[in-house]
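Novice: make a model of this:
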Amino acid sequence: MPVKIRLQRHGKKGKPYYWIVAADARSKRDGKYLEKLGAYNPNTNPATIELNVDGAVTWLQNGAQPTDTARAILSYKGALLKNHLAIGIKKGALTEEQAEAKFNAWLEEKAGKVEAKKDGLAKAKADAKAKAIEAEKAVNEARTAVVVKEAVAEETVAEEAVVEETPAEEAVAEEAVVEETAAEEAPVEEAVAEEAPVEEAVAEEAPAKEAVVEETPAEEAPAEEAPAEEVAAEEKTEDAPEAETEASKEEE
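Specialist: Residues are numbered from 1 along each chain as shown. Okay, here's the model as predicted:
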């Protein structure tokens, strides 16, 4: 029965998670498997890989064929190297101690490379974060500068508006004062206008009084002469009986 070392998909949509399995080549990808050898999570950086190296080497020695992705994973974890050293031990080219020493040295070198990669990624992430913070600070400073400029412009416009409104208010106040003054002077002028006819009436009454004064002596003069005429009339009346008496005597 042909055996393959391949990946079996798990996880959810958009975030896959794989098992490394030894399965029959005729079975479905996500079907039954013979043995689970490890797990592979590509969602982390660097990717997280768990592998049973000895079990993978055993299946390789039994003729199992890895897929391309599985081969890359086995090479990354040293399973292919250990299988090669095991073949050298069988052929007598190496002893077990030599093979194990070489394998441990490779593992240390690989771990150093992985740590260097992690440090590089962490440094790159920190640099990116620092650049993002600097860019955000620059944007905030630019935004603050714009806000300050707008505030200064608004204050300038407000001051200009106040300066423009002040003369207008003063002019309106002066006009109001002038109108009030005119309104206060108008009754005075009207009173003067009303007093003018009174003065004219007084002026008219003055000649009338003079005329009355002039007429009064003229009227009083005949009144004073009236007693002389009355005396003459009385004298005539007194003389009339005497004449009548003389006339009666002559007739006799």
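Novice: so where's this structure shaky on pLDDT?
Specialist: Scanning the chain for pLDDT under 70 picks out 165-173, 176-178, 180-252.
Novice: what do you get if the cut-off is 80, keeping everything else the same?
Specialist: Scanning the chain for pLDDT under 80 picks out the ranges 1, 161-252.
Novice: how about the strands in it?
Specialist: For the chain, the strands defined by DSSP state E cover 3-12, 15-24, 35-41, 48-51, 65-66.
Novice: for residue 96, which of the ones you listed is the nearest?
Specialist: Among the strands of the chain, the nearest to residue 96 by CB to CB is strand 48-51 (21.2 Å). Heads up, the C-betas are built off the backbone N, CA and C, glycines and all.
Novice: elements contacting that closest one?
Specialist: Secondary-structure packing of strand 48-51 (3 or more CB pairs under 8 Å, 6 or more residues apart in numbering; DSSP states H and E): strand 35-41, helix 68-77.
Novice: just give me the neighbour total for residue 120.
Specialist: 10 (other CB atoms under 10 Å).
Novice: please name the nearest non-neighbouring residue to residue 49.
Specialist: residue 40 (5.4 Å; CB to CB, 6 or more residues apart in numbering).
Novice: you'd agree the one you found is up against residue 20?
Specialist: Yes. Under the contact definition of CB atoms under 8 Å, residue 40 touches residue 20, with a separation of 6.0 Å.
Novice: so what sits against both of these two?
Specialist: Listed as contacting both residue 40 and residue 20 by CB atoms under 8 Å, 6 or more residues apart in numbering are 7, 73.
Novice: what is the burial count for residue 16?
Specialist: Neighbours of residue 16 using other CB under 10 Å come to 14.
Novice: same question, residue 74
Specialist: 26.
Novice: okay, the spatially closest residue to it that is not a sequence neighbour and residue 34: tell me how far apart.
Specialist: Excluding the flanking residues, the one nearest residue 74 by CB to CB, 6+ apart is residue 80, at 5.2 Å. Distance of residue 80 to residue 34, given as CB to CB, to the nearest Å: 20 Å.
Novice: and residue 133, by the same measure?
Specialist: The value you get for residue 133 to residue 34, if CB to CB is used, is 52 Å.
Novice: on that earlier part again, tell me if I'm right that the residue nearest to residue 74 and residue 73 touch.
Specialist: No. Here residue 80 does not reach residue 73: they are 9.9 Å apart, not a contact under CB under 8 Å.
Novice: out of the two, which sits in the busier spot?
Specialist: residue 73 (24 against 19).
Novice: for that one, what are its contacts?
Specialist: 20, 38, 40, 49, 51.
Novice: from residue 158, how far off is the fourth one?
Specialist: The span separating residue 49 from residue 158 equals 68 Å under the rule CB to CB.
Novice: repeat that for the last one.
Specialist: As judged by CB to CB, residue 51 and residue 158 stand 73 Å apart.
Novice: okay, now the residue nearest to residue 10 when sequence neighbours are not counted: neighbour count?
Specialist: Nearest non-adjacent residue to residue 10, counting by CB to CB, 6+ apart: residue 17, 4.7 Å away. As a burial measure, residue 17 scores 15 neighbours (other CB under 10 Å).
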